[in-house]
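Asker: fold the following, please.
(2 chains)
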Amino acid sequence: MLNHKLLDVKDLKKYYPVTGGLLSRHLGDVKAVDGVSFHIKEGETLGLVGESGCGKSTLGRTILRLEEPTEGEIIYRGTDITKLDRKGLRGLRKEIQIVFQDPQSSLDPRMTVGRSIGEALLIHGMGDEKEREQRVAEMLERVGLEGQHALRYPHEFSSGQRQRIGIARAFSVNPNLIIADEPVSALDVSIQAQILNLMLDLREEFGLAYLFIAHDLSVIRQISHQVAVMYLGKIVELAEKGEIFENTLHPYTEALLSAIPHIGQKRKRILLQGSVPSPLNPPAGCRFHTRCHRVLPICSQKEPPLKDVGNDHLVACHLY
Amino acid sequence: MTPEVVFDMKEVILSIRNLKTYFFTRRGVVRAVDGIDFDLVKGETLCLVGESGCGKTVTALSILGLIDSPPGRIVDGEIHYGNIDLMRCPRDQMRHIRGKEIAMIFQDAQSALNPVFTIGNQIVEQIKLHSEADNREAKEKAISLLEEVGIPSPEKVANYYPHQLSGGMKQRAMIAMSLSCDPQILIADEPTTAVDVTTKAQILDVFQRLKNTRQISLLFITHELGVVSEIGDRVVVMYAGKRVETAKVSELLTNPIFQHPYTTSLIKCLPDITGERDRLESIPGTVPSLIDLPGGCLFHPRCAKAMAICREEEPPPVTVTRGHTVFCHLYSR
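Answerer: Just a heads-up that it's a prediction; the model follows:
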């Protein structure tokens, strides 16, 4: 069956317990991810957007089980990832790879680039030494560097080039899904465009799927098929790309859209005050009601459910 | 080379002519800033735009006399603040000007704030350094400054340490600190880079309000033309240590006929929220090594419209309209 689900996340939760006092009593939980469900189809890209501190990165890391989920299921091609043992996990990480935000700290400064990339191949038992070397050179060329760069160290590269190396490493083991955790947020605009184009090209060539995390909706629009908007550990709006941009429903999505500085006519801006509230003690009712510009009396009392308002457009807001 | 007259009647508060700041390293001479000219007019916001490594920050540090020497040195040029020649003024006077007359906001608020003092203390220190105010007056002023930049419950926040504040709040605290001596000129070095979109919008809003209430002259460094369009009055586009274009923001962004190809590329590589394009038009390659620069026009190896002459001759300034100058052979006939 074409277009079936590659990854199906069901009611995923990740809580970090907060303890204190003499006996380390359990004082509460930081609910970083609090009941998130979505799926990614084969070869498609889900863009995940939200401010700093809304749980996007935790969600990405939990899918790879770099963080242990508290509750919920993560089904990858029919297997529940949350139940895998160490050996199973190793196999999984050949299928799902991650590209980190900070290309500086995600490469070992004492390893040559070739060894950093080759290590991924070695761990997953791909090829002999000669083949691995070849593969490394091939991947470096594919991401726009040169094969001989394998002998250099990370500090010899610019941040854009380092991000290319991170991408080469993730792609080298032929994964089916790549979790890209703000891969372009720390880059100059011109380099950002190069990296986005590279990721679009590679997606076409390798036919794989991305979970693309970013805080900038204009970047998300460039690369995604589906878009999920996250606020304080929950998805507040999820729809197909065209739908979410043409028919924006949730006030938070509206605010994120209007915050993007852009060229040309000045629009009326919805300015969100303050920052994301603490996930240790989220506001009652709708979590966004403290910063919402279209708040209703009901919003501080009852939490709105995520429901389908037609066209596979899910939104969690009392307005709809 | 004299730059164009910008606004005839208005007062030029900072004037930079043929500024050259080089760094003398073992590998060779790095021409970080190589002949920059511009004027900052009282009350305007001038944006300095370009990719990383094209000399924006070095220009700002040169103005404030903060270039580390060795290896760096201002080898040529003039910087005038009103009637004062900043390159030849004595250290004492420079120290008086820096912070009091010309203040700077650094890109990374995290590392620019001292982690072991409260926000209030750091602002008070600066006020007392440059004025006669006593502790109580300085504290009151610090709190009113925090309020001015939109920090909620400023009395409380004044007693916080930097780590207790979010990124956006730290950036606001930095802005409050820079305003503590009511400077004439504020230099902001990429204050909106590396923060998320909502924080960026908030910071831009703070600057917008400062422009309206304080009549401050703002030199705003950024690599995003979207930000320029929101905040700038005029713009200087820099590439590899040189000026490639100067224009009013309204003209630069809406009248692309006489745009420098580099400016055009910087606009086209922005992701478009209307989503009309499949692929972004990226600029191939990176800013060249400032030790080993290409001949002719510095942008020609990356330029889509490069001609034979671009490899040989450095382009002369072409005045398109009054206040709009482009350094490009496409328009030099």
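Asker: hmm, the longest helix along chain B in reach of chain A?
Answerer: In chain B, taking DSSP state H as the definition, the longest helix is helix B:197-214. Yes: Helix B:197-214 lies within reach of chain A by Cβ under 8 Å from any Cβ of the partner chain, at B:197, B:198, B:199, B:200, B:201, B:202, B:204, B:205. Quick note: C-beta positions are derived from backbone N, CA and C, even for glycine.
Asker: among those, who's most crowded?
Answerer: Comparing these by number of neighbours (other Cβ atoms under 10 Å in any protein chain shown), residue B:198 comes first, having 27 neighbours.
Asker: residue B:120 and residue B:143 touch, don't they?
Answerer: Yes: look at residue B:120 against residue B:143 with Cβ atoms under 8 Å: they come within range, at 7.3 Å.
Asker: common neighbours of the two, please.
Answerer: Residues touching both residue B:120 and residue B:143 by Cβ atoms under 8 Å, 6 or more residues apart in numbering or on different chains: residue B:158.
Asker: and the longest helix of chain B, what other elements does it pack with?
Answerer: Secondary-structure packing of helix B:197-214 (3 or more Cβ pairs under 8 Å, 6 or more residues apart in numbering or on different chains; DSSP states H and E): helix A:251-259, helix B:167-178, strand B:217-222, helix B:225-231.
Asker: so which elements touch the longest one?
Answerer: The one in question is helix B:167-178. strand B:102-105, helix B:109-112, helix B:119-130, helix B:135-148, helix B:197-214.
Asker: how about the third one?
Answerer: Using 3+ Cβ pairs under 8 Å, 6+ apart as the contact criterion, the secondary-structure elements in contact with strand B:217-222 are strand B:12-25, strand B:28-41, strand B:45-49, helix B:56-63, strand B:185-189, helix B:197-214, helix B:225-231.
Asker: do any residues in the helix or strand just after the last one lie close to chain A?
Answerer: To tie it back to what came earlier, the one meant is helix B:225-231. Next helix or strand after helix B:225-231 toward the C-terminus (DSSP states H and E): strand B:234-239. No: using Cβ under 8 Å from any Cβ, strand B:234-239 stays clear of chain A, coming no nearer than 11.0 Å.
Asker: quick one: contacts of strand B:234-239?
Answerer: With Cβ under 8 Å, 6+ apart as the test, strand B:234-239 has contacts from B:6, B:36, B:38, B:44-51, B:54-56, B:59, B:228, B:243-249, B:252, B:260, B:262-263, B:266, B:287, B:298-299, B:323.
Asker: using PDB, list the CA coordinates for the lowest-mean-pLDDT helix or strand in chain B.
Answerer: One helix or strand of chain B scores below all others by mean pLDDT, DSSP states H and E: helix B:109-112, with a mean of 83. C-alpha atoms of helix B:109-112 as PDB (Å, rounded to 0.1, in the frame of the first residue of the first chain):
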ATOM      1  CA  ALA B 109      23.600  38.600  25.600                       C
ATOM      2  CA  GLN B 110      24.500  35.500  27.500                       C
ATOM      3  CA  SER B 111      28.200  36.100  27.400                       C
ATOM      4  CA  ALA B 112      28.000  39.900  27.500                       C
END
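Asker: elements contacting it?
Answerer: Helix B:109-112 packs on helix B:167-178, going by 3+ Cβ pairs under 8 Å, 6+ apart.
Asker: quick one: contacts of the helix it packs on?
Answerer: A:52, A:275, B:103-106, B:109-110, B:112-113, B:119, B:122-123, B:126, B:142, B:145-146, B:148-151, B:157, B:162, B:165, B:186, B:191, B:195, B:199, B:202-203, B:206-207, B:210.
Asker: quick one: it to strand B:185-189, angle?
Answerer: 150 degrees (axes from the mean of the first three to the mean of the last three Cα atoms, to 10 degrees).
Asker: now helix B:167-178: mean pLDDT?
Answerer: Per-residue pLDDT over helix B:167-178 has a mean of 90.
Asker: and residue 221, how many neighbours?
Answerer: Looking at chain A here, since you left the chain open. Applying other Cβ under 10 Å, I find that residue A:221 has 23 neighbouring residues.
Asker: switch to chain B, that's the one I care about
Answerer: Going by other Cβ under 10 Å, the residues that sit close to residue B:221 add up to 23.
Asker: center of the chain - which residue?
Answerer: Going with chain A. residue A:213 (3.1 Å; Cα atoms, centre = their mean).
Asker: oops, chain B please
Answerer: Per Cα atoms, centre = their mean, the C-alpha nearest to the average position across chain B is that of residue B:221, at 2.7 Å.
Asker: how about the contacts made by that one?
Answerer: Residues near residue B:221 by Cβ under 8 Å, 6+ apart: B:47, B:48, B:49, B:56, B:57, B:60, B:187, B:188, B:189, B:190.
Asker: the first one reaches residue B:223, doesn't it?
Answerer: Same thing as residue B:47. No: using Cβ under 8 Å, residue B:47 makes no contact with residue B:223, being 10.3 Å away.
Asker: more neighbours, these two?
Answerer: A count of neighbours by other Cβ under 10 Å puts residue B:47 above the other of residue B:47 and residue B:223, at 26 against 23.
Asker: quick check: residues of the stretch 201-320 of chain A near chain B?
Answerer: A:215-219, A:221-222, A:241, A:245, A:255-264, A:266, A:269, A:271-275.
Asker: hey, what's the closest residue to residue B:260 other than its chain neighbours bridged with?
Answerer: Among residues not flanking residue B:260 along the chain, residue B:245 sits closest, at 4.2 Å (Cβ to Cβ, 6 or more residues apart in numbering or on different chains). In this structure, residue B:245 bridges to residue B:237, residue B:326 when assessed by DSSP bridges.
Asker: residues near residue B:245, how many?
Answerer: With other Cβ under 10 Å as criterion, residue B:245 counts 25.
Asker: now do the contacts for it.
Answerer: Counting by Cβ under 8 Å, 6+ apart, residue B:245 has contacts B:235-237, B:252, B:259-260, B:262-263, B:324-328.
Asker: how about 7 Å then?
Answerer: B:237, B:260, B:263, B:325, B:326, B:327 (Cβ atoms under 7 Å, 6 or more residues apart in numbering or on different chains).
Asker: do you know how far residue A:113 is from residue A:169?
Answerer: 9 Å (Cβ to Cβ, to the nearest Å).
Asker: equivalent analysis for residue A:274, please.
Answerer: For residue A:274, the distance to residue A:169 - Cβ to Cβ - is 38 Å.
Asker: how about residue A:97?
Answerer: 8 Å.
Asker: and for residue B:155?
Answerer: Taken as Cβ to Cβ, the span from residue B:155 to residue A:169 is 50 Å.
Asker: please apply the same query to residue B:62.
Answerer: For residue B:62, the distance to residue A:169 - Cβ to Cβ - is 40 Å.
Asker: tell me which parts of the stretch 201-333 of chain B are close to chain A?
Answerer: Contact residues, the stretch 201-333 of chain B versus chain A (Cβ under 7 Å from any Cβ of the partner chain): B:201-202, B:204-205, B:223-227, B:229-230, B:253, B:266-267, B:269-273, B:275, B:279-280, B:282-283, B:286.
Asker: only whichever of these are buried, select them in ChimeraX.
Answerer: One line in ChimeraX is enough to select the buried ones among these; burial here means 16 or more other Cβ atoms under 10 Å in any protein chain shown:
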select /B:201,202,204,223,224,225,226,227,229,230,253,266,267,269,270,271,273,275,280,282,283,286
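Asker: quick one on the thing from earlier: mind checking which of the residues of the stretch 201-320 of chain A next to chain B are buried?
Answerer: A:215-219, A:221-222, A:241, A:245, A:255-263, A:271-272, A:275.
Asker: so what's residue B:310 closest to, chain neighbours aside?
Answerer: Using Cβ to Cβ, 6+ apart, the nearest residue to residue B:310 is residue B:300, at 4.0 Å.
Asker: please name the residues that touch the one you found.
Answerer: B:294, B:306, B:310, B:311.
Asker: same deal with residue B:44?
Answerer: By Cβ under 7 Å, 6+ apart, the contact list for residue B:44 reads B:217, B:233, B:234.
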